[in-house]
Each structure stands twice: as structure tokens, then as C-alpha cells.
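Peer 1: after the sequence you'll find the predicted model.
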Amino acid sequence: MVAKDCIGIIRLDHVTKAYEEAGSLRVVLNDVSLSFGCGEFVVLLGKSGSGKSTLLNLIGGIDTPTAGDIWIDGQPITRMNDTERTLFRRRHIGFVFQAFNLIPTLTVRENVMLPLELAGRPPAHVRRRAEELLAQVGLSHRMDAFPDRLSGGEQQRVAIARALINDPLVVLADEPTGNLDYETGRQVLDLLDTLTRRAGKNLVMVTHSEEVVGVADRVFRLRDGKLIEERLPLAQPLASMA
């Protein structure tokens, strides 16, 4: 549950994103304003090409809007330069992608350790933190394996551990079950939901998985450049969904 005095961890003020295509302007997001309270699990729905991943990239500071401002925990990331956004993203935002994006030449442990190593944290702390997270995702026995020796579900669990190692304010997940079978995908969603809620983090997820709607705090559908909030069904655990 979100604390009453804990609001606006993510805030979008009149955000527009447009691309020039073949000499014309394509507006993906059109004057979007909203805020997400801290600890909320937010799901973004919409047909392919509607701009869901674009919105995720804007919140994560990977892309910048054509107009408007985005604030994360009171920090205006749209007013930062490239270096400032990179450092902010490294410290405060975790990413989980559909394609896992693990580095094939690094072991499971090394993949999870990487964000904190880049941040210059003490090696002993980095290793201990990585091993704690890998234990939480059930992969203590695969720490020295390379990504190509893991199943898809195992690789995504490594990606979740990597996303959480820097203790981010916000976790952004872009179709995290898109490359997984139904049962494995359900397990990964349950794990991601549990680990982020337990730590009181914001989870913003792009997905086509309608069963996730039942456990989200808020659901938005992106249509014609606008975010439309939908009414939620009664919440139920992911594990109970068939």
C-alpha cells in the first residue's frame, strides 16, 4: 500500500514526444500530465507502436521529450545534460528488458555486479549485494554460469537482480515476459512484483499480459498519444491466475 504522504515520485508535466517521419510529424505522446506515487505498481497497455516503450524511455532518461518536463523524486531529469542524466539513471533507475540484455562474456554474478562496479562501490560490498539478490531470485547455484547456459526464465531473473542492485527509486520493465512461455512468464512477473513491492519501489511495466492488470495499483492505456486510466478489477495474487 502507498503511504498517504508519499506522492509524485514520478511526475510528467505536459510531456509531448514527436518524431519527423518522411517529411511529416508523428506525435507519439500528446501533452501528457500525470504523477505516480512512490511504491505504486503501474501497468502501461496499448497496441504495438502506440508509444508505450517511448514513454518508458522518457521516464528512464534514455530519451528526451519534444516538450514538457519529467521529474523523478523531485529531480527534473529533462533539464539535465547527457552526463547528469546518465549518472542519475545509474543511481536511481533499474531496467528490465524483454531481451534480457545480459553480457555474454560475464558470469551471472558479474552481470549483476556491473551497475555497482560502474558506480565505484567497494568490491566486497558489490559482491555481497549481488549474491544476496541472486539468492532472492533463486539462482545461488548458478552464480558462476554464463548467460548462454541459462534458460530464458533464469536469464530474466538475473536481469531482475541486476535492475535492483543499485537500490533504485524506480524499476522500468519493458515486456519482461515477452520472450518467455506462459508459466515461466507468470513466475517472473510474480517475482518482480514481490521484490519491488517488498522494497517499496515504483514499478512501471509495459506489457501485453492482461493478467498483470489484476495486481497493479494503476493501469493506463495509451491511445492516440494520450494516457487513459482504466478501472481496475479486484486484485488477486499472480500465482492464483490460471
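Peer 2: Thanks, I have the structure now. Just so it is clear, the model here is predicted, and its values are computed rather than measured.
Peer 1: buried ones in stretch 80-99, by neighbour count?
Peer 2: For stretch 80-99, the neighbour count (16 or more other C-beta atoms under 10 Å) marks 80, 85, 88-89, 92-98 as buried. For the C-beta atoms, the positions are set from N, CA and C on the backbone; glycine is no exception.
Peer 1: the residue nearest the centre of the chain: what secondary structure?
Peer 2: In the chain, the C-alpha closest to the average C-alpha coordinate belongs to residue 172, at a distance of 1.2 Å (C-alpha atoms, centre = their mean). What DSSP: H, G, I helix; E, B strand; the rest coil gives for residue 172 is strand.
Peer 1: would you mind measuring from it to residue 210?
Peer 2: 20 Å (C-beta to C-beta, to the nearest Å).
Peer 1: residue 80 now?
Peer 2: 36 Å.
Peer 1: go on, residue 53?
Peer 2: 18 Å.
Peer 1: residue 177 too?
Peer 2: From residue 177 to residue 210 the distance is 12 Å (C-beta to C-beta).
Peer 1: try residue 97
Peer 2: 21 Å.
Peer 1: and the lowest-mean-pLDDT helix or strand in the chain, how far out from the chain middle?
Peer 2: Lowest by mean pLDDT, DSSP states H and E among the helices and strands of the chain is helix 182-198, with a mean of 84. Distance of helix 182-198 from its chain centroid, counting by C-alpha atoms, centre = their mean, to the nearest Å, is 13 Å.
Peer 1: pLDDT value on residue 237, please?
Peer 2: Predicted confidence (pLDDT) for residue 237: 51.
Peer 1: ditto for residue 98
Peer 2: Here the pLDDT value assigned to residue 98 is 86.
Peer 1: for it, grab phi and psi.
Peer 2: Reported as degrees, to the nearest 10, the phi and psi values for residue 98 are phi -60, psi -40.
Peer 1: equivalent analysis for residue 226, please.
Peer 2: Per degrees, to the nearest 10, the backbone of residue 226 is at phi -120, psi 150.
Peer 1: can you report how many residues neighbour it?
Peer 2: For residue 226, the neighbour count with other C-beta atoms under 10 Å is 13.
Peer 1: rewinding a little: between residue 177 and residue 210, who's got more neighbours?
Peer 2: residue 177 (25 against 12).
Peer 1: any figure for the gap between the more buried one and residue 31?
Peer 2: Residue 177 sits 31 Å away from residue 31, taking C-beta to C-beta as the criterion.
Peer 1: what residues are up against the closest residue to residue 25 other than its chain neighbours?
Peer 2: Nearest in space to residue 25, with sequence neighbours left out and distances taken as C-beta to C-beta, 6 or more residues apart in numbering, is residue 18 at 5.1 Å. By C-beta atoms under 8 Å, 6 or more residues apart in numbering, residue 18 lies in contact with 25-28, 66.
Peer 1: mark which of those residues are buried, thanks.
Peer 2: Among the contacts of residue 18, those classed as buried by 16+ other C-beta under 10 Å are residue 28.
Peer 1: ok, the contacts of residue 18 vs residue 112, which is closest?
Peer 2: Distance ranking of the contacts of residue 18 against residue 112, using C-beta to C-beta, places residue 28 first at 32.9 Å.
Peer 1: wasn't the closest one part of a helix?
Peer 2: No: Residue 28 sits outside any helix when classified using three-state DSSP, being strand.
Peer 1: tell me the spacing between the closest residue to it other than its chain neighbours and residue 190.
Peer 2: Once flanking residues are discounted, residue 28 sits nearest to residue 51: 3.9 Å by C-beta to C-beta, 6+ apart. Counting by C-beta to C-beta, the separation of residue 51 from residue 190 is 27 Å.
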